[in-house]
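1. from the sequence below, what's the structure:
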Amino acid sequence: MATPVEIASDVIAGGSALAGLVLVYIGGVAASYASFPPANQPDVRCQYLVKIWFAFVGALLAIISVGLAIVAKWYGIEQLASISIVILLITLAWSVVILFLSAREVA
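-> All right, here's what the predicted structure looks like:
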């Protein structure tokens, strides 16, 4: 069985990819908001702010997991690697919620 420090490399790769995907989502939300005429933007601003901040937290969690995994790998700290894995799992769940909310909005 692999140790958490050995898995840290996977956390670095997966967390980076996940942060990138969430950033693409944020860009899509920002572009969608900008597509509204300026006169209508105040009406939908609150709805889009919630989406952006929710996604921002997801991206931040992914970046934190990557940073912790790098430090854990560098110094060989198994507890820190385990924490980075847990944070990445939380981020994956967070991303599923983002996807669900997006799909529900379209459907």
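2. report the buried residues of stretch 41-58.
-> 48, 51, 54-55, 58 (16 or more other Cβ atoms under 10 Å). (C-beta placed from N, C-alpha, C; glycine too.)
3. what about those residues, which are in helices?
-> 48, 51, 54-55, 58 (DSSP state H).
4. which residues touch residue 23?
-> residue 59 (Cβ atoms under 8 Å, 6 or more residues apart in numbering).
5. which of the ones in helices among the buried residues of stretch 41-58 sits closest to residue 3?
-> residue 58 (27.1 Å; Cβ to Cβ).
6. not counting sequence-adjacent ones, nearest residue to the closest one?
-> residue 94 (4.4 Å; Cβ to Cβ, 6 or more residues apart in numbering).
7. hang on, the one you found packs against residue 60?
-> No - Residue 94 is beyond contact range of residue 60, at 10.0 Å (criterion: Cβ atoms under 8 Å).
8. the two: which is more packed in?
-> More crowded of residue 94 and residue 60, by other Cβ atoms under 10 Å: residue 94, with 20 against 14.
9. neighbours of residue 2, how many?
-> 8.
10. ditto for residue 33
-> 16.
11. ditto for residue 90
-> 15.
12. nearest residue to it other than its sequence neighbours?
-> In space, residue 90 is closest to residue 61, 6.2 Å off (Cβ to Cβ, 6+ apart).
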